[in-house]
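Trainee: The sequence and its predicted three-dimensional model are supplied below.
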Amino acid sequence: MRTDTRTLLKRTLAAAAALVTGAAVLTGCSSGSDDGRTKLVIAYQDNGMPSLIKQSGVLDGTPYDVEWAILAGPAANLSALYGKTIDVGHMGDTSLTIEQANAPTEWTEQTVPLKIIAGWRNNFDPRYPPLVTAVRTSANIDSPADLRGHSWGYNFGGYNHGQYLASLAIAGLSESDVEPVKFNDGNASAAAFNSGQVDVFSGSHGAILESLSRGDAKILLTDRDTEIPALNVWTARTDVLADPAKDEALQDFFGRLSGFWDWYKANPDEVTQTLKSTLKLTDERAAFEYQVRGEGFRKLDSELVAEEQGVADTLFDAGVVKNHVDVAIEYDPRYNDAQKATGPLTAAAR
């Protein structure tokens, strides 16, 4: 028997509230540590990347302190940023587009509260699309037009949310044409899909890998179809970027993380085993996550902004977000050089 969608939502809202409360208790976000050193409080959505960064040694000997906060889902990261319990939050590249499009007041260059300061993804290998819209094979959905009337799980904010909205646009549907089930993190959304509680899922490919491998599900659309760049991003509050001490620390942090990507590529077995043990993954999922998480920083440049603006325009034109937005104000490229960030691949490679 299918669980009532309101019950599913209540459960995930309660879990998200607990995560945000925990973050507020554990991560006091002052400019300095007790010994006067600058402190950066940086969130990630699971413990995989923080563990690997520590293992790589690239942050050894920093003249500032880095405190990691683990916050599942973009909603928790956004809440912690607004609540000033973290300095930098982890989410997907369309997070701020959706946030801006649904904001009660217009964002401007002077009032924008958050900015994306780093982005990365895998090397556009078609075997490892980070974002998918998938369907249960039992639901008999063979094309986007068949999505009408079906239950559809996604999570608020992030590029999973963007994939859901862009998939609606491709199908020529609005939210009133489907049964949307909104979760606060991708793992909860994937769990509902994997257990057959929803027919459709938009989110992380890896989170539903076992259902795909068993033949219980199939991919209908990927980020190639929705044209979402699908970057993981770190987002900072604008007041953090205006703090000279934290700005200097972030310059050094991102410079060191350029070396992390070199270490990641040079140690595939070690990285895969760490992901497996830290996140309690199967061998298949760990091997997939190694591929989909790695590559290096993507330059925050005019070409990327143009791609992201295209996504924003599509969502607005399809009527799935309230306001048309200027994506450019969401990006701050000041750390591009420190990150040794590279530009986009050719269209053929994508």
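Mentor: Looks like it arrived, so ask away. Treat the numbers as computed from the prediction; the structure is a model and nothing was measured.
Trainee: Residue 288 in helix, strand or coil?
Mentor: Secondary structure for residue 288, judged by DSSP: H, G, I helix; E, B strand; the rest coil, is helix.
Trainee: What's the local residue count around it?
Mentor: Neighbour count of residue 288, defined by other Cβ atoms under 10 Å: 19. C-betas here are computed from N, CA, C, even on glycine.
Trainee: check contacts around it.
Mentor: 128, 205-206, 209 (Cβ atoms under 8 Å, 6 or more residues apart in numbering).
Trainee: what about the closest residue to residue 82 other than its chain neighbours, distance to residue 239?
Mentor: Leaving out its chain neighbours, the residue that sits closest to residue 82 by Cβ to Cβ, 6 or more residues apart in numbering is residue 113, at 7.3 Å. Counting by Cβ to Cβ, to the nearest Å, the separation of residue 113 from residue 239 is 8 Å.
Trainee: Kindly report the same for residue 203.
Mentor: From residue 203 over to residue 239 the distance is 31 Å, taken as Cβ to Cβ.
Trainee: Also residue 232?
Mentor: Using Cβ to Cβ, residue 232 is found at 23 Å from residue 239.
Trainee: Which of the two has more residues huddled nearby?
Mentor: Comparing residue 232 with residue 239 by other Cβ under 10 Å, the one with more neighbours is residue 232, at 22 against 11.
Trainee: give me the beta-bridge partners of the more buried one?
Mentor: Applying DSSP bridges to residue 232 yields these beta-bridge partners: residue 92, residue 120.
Trainee: how's the chain carved up into domains?
Mentor: 8-124+230-339, 131-226 (automatic domain parsing).
Trainee: Using a markdown table, lay out those together with mean pLDDT.
Mentor: A markdown table is the format used below for these (pLDDT from 0 to 100):
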| stretch | mean pLDDT |
| --- | --- |
| domain 8-124+230-339 | 89 |
| domain 131-226 | 96 |
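Trainee: who's in contact with the helix or strand hosting residue 260?
Mentor: Following DSSP states H and E, one finds residue 260 within helix 244-266. With contacts defined as Cβ under 8 Å, 6+ apart, helix 244-266 is touched by 31-32, 38, 40, 42, 52-53, 56-59, 62-64, 66, 87-88, 117-118, 120, 236, 240-241, 271, 294-297, 334-335, 338-340.
Trainee: Can you show me the CA trace of it as PDB?
Mentor: The C-alpha trace of helix 244-266 is given here as PDB (Å, rounded to 0.1, in the frame of the first residue of the first chain):
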ATOM      1  CA  PRO A 244      38.700  40.400   4.600                       C
ATOM      2  CA  ALA A 245      39.900  37.600   6.900                       C
ATOM      3  CA  LYS A 246      37.400  35.100   5.600                       C
ATOM      4  CA  ASP A 247      38.000  36.100   2.000                       C
ATOM      5  CA  GLU A 248      41.800  35.600   2.400                       C
ATOM      6  CA  ALA A 249      41.100  32.200   4.100                       C
ATOM      7  CA  LEU A 250      38.800  31.100   1.200                       C
ATOM      8  CA  GLN A 251      41.500  32.100  -1.400                       C
ATOM      9  CA  ASP A 252      43.900  29.800   0.300                       C
ATOM     10  CA  PHE A 253      41.300  27.000   0.900                       C
ATOM     11  CA  PHE A 254      40.400  26.800  -2.800                       C
ATOM     12  CA  GLY A 255      44.000  26.900  -3.900                       C
ATOM     13  CA  ARG A 256      44.700  23.900  -1.700                       C
ATOM     14  CA  LEU A 257      41.600  22.100  -3.000                       C
ATOM     15  CA  SER A 258      43.000  22.300  -6.500                       C
ATOM     16  CA  GLY A 259      45.700  19.900  -5.200                       C
ATOM     17  CA  PHE A 260      42.900  17.700  -3.800                       C
ATOM     18  CA  TRP A 261      41.600  16.900  -7.300                       C
ATOM     19  CA  ASP A 262      45.000  15.800  -8.400                       C
ATOM     20  CA  TRP A 263      45.200  13.500  -5.300                       C
ATOM     21  CA  TYR A 264      41.700  12.200  -6.000                       C
ATOM     22  CA  LYS A 265      42.500  11.200  -9.600                       C
ATOM     23  CA  ALA A 266      45.900   9.600  -8.600                       C
END
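Trainee: buried set for that helix?
Mentor: With burial defined by 16 or more other Cβ atoms under 10 Å, the residues of helix 244-266 counted as buried are 246, 249-250, 252-254, 256-258, 260-261, 263-264.
Trainee: for stretch 139-159, same thing?
Mentor: By 16+ other Cβ under 10 Å, the buried positions in stretch 139-159 come out as 139, 141, 144, 147, 150-159.
Trainee: Now for residue 317, how many residues are close by?
Mentor: For residue 317, the count of nearby residues is 11 (other Cβ under 10 Å).
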